[in-house]
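Student: attaching a predicted model along with its sequence, questions to come.
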Amino acid sequence: AVAAADPHRLILLLFDGALLAIAKADNAMHNGRIAEKGEAISRTIDIVTNGLRASLRFSTGDELANRLAALYDYMYNRLLYANLKNDAAALNEVGRLLAELRSAWVEIAQDPAVASASKAAA
């Protein structure tokens, strides 16, 4: 799926991967599988920092990229906290934030201008 995906679809795949990793971490946390929980949270952190945050394009006066960067940094900190304190609420908070962003990203894809730009970039 990654090889054939346009840039917009790649971001959706990152969101999907992060949400899947959070679900695995939550399940492992509730079942006392500490190593599995840590691996899944580490995977989520990797996707958020090295995938979603790294994909941001910063330009002068681009407030959206700056706000998203701050949100991804917040998620990183909450994920670390969730891992260290075994805090399901912090983990689920990040899951909700990612789900909301993913939903917005899907809506953006329905904009004809975005769709044509994504095809041109692919």
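Tutor: Right, received. Where do you want to start? Numbering: from 1, shown residues only.
Student: what secondary structure does residue 37 sit in?
Tutor: helix (DSSP: H, G, I helix; E, B strand; the rest coil).
Student: next, count neighbours for it.
Tutor: Applying other Cβ atoms under 10 Å, we find 22 residues neighbouring residue 37. In short, each C-beta sits where N, CA and C put it, glycine included.
Student: same thing with residue 90?
Tutor: Neighbour tally, residue 90, other Cβ under 10 Å: 19.
Student: excluding chain neighbours, what is closest to it?
Tutor: Once flanking residues are discounted, residue 90 sits nearest to residue 82: 3.9 Å by Cβ to Cβ, 6 or more residues apart in numbering.
Student: my read is that that neighbour contacts residue 95, right?
Tutor: No: Residue 82 is not in contact with residue 95 according to Cβ atoms under 8 Å; the separation is 10.0 Å.
Student: got the CA coordinates for the host helix or strand of residue 77 in CSV?
Tutor: Of the helices and strands defined by DSSP states H and E, residue 77 is found in helix 63-85. Extracted in CSV, the C-alpha atoms of helix 63-85 (Å, rounded to 0.1, in the frame of the first residue of the first chain):
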residue,chain,number,x,y,z
GLU,A,63,0.5,28.7,11.9
LEU,A,64,-1.1,25.3,11.1
ALA,A,65,2.3,23.5,10.8
ASN,A,66,3.5,25.1,14.1
ARG,A,67,0.3,24.1,15.9
LEU,A,68,0.4,20.6,14.6
ALA,A,69,4.1,20.3,15.6
ALA,A,70,3.2,21.5,19.2
LEU,A,71,0.3,18.9,19.2
TYR,A,72,2.6,16.1,18.1
ASP,A,73,5.1,17.1,20.8
TYR,A,74,2.3,17.0,23.4
MET,A,75,1.3,13.5,22.2
TYR,A,76,4.9,12.4,22.5
ASN,A,77,5.0,13.6,26.1
ARG,A,78,1.7,12.0,26.9
LEU,A,79,2.8,8.7,25.4
LEU,A,80,6.0,8.7,27.5
TYR,A,81,3.9,9.4,30.6
ALA,A,82,1.5,6.6,29.7
ASN,A,83,4.4,4.2,29.3
LEU,A,84,6.2,5.2,32.5
LYS,A,85,3.0,5.4,34.7
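Student: okay then, goodbye and thanks.
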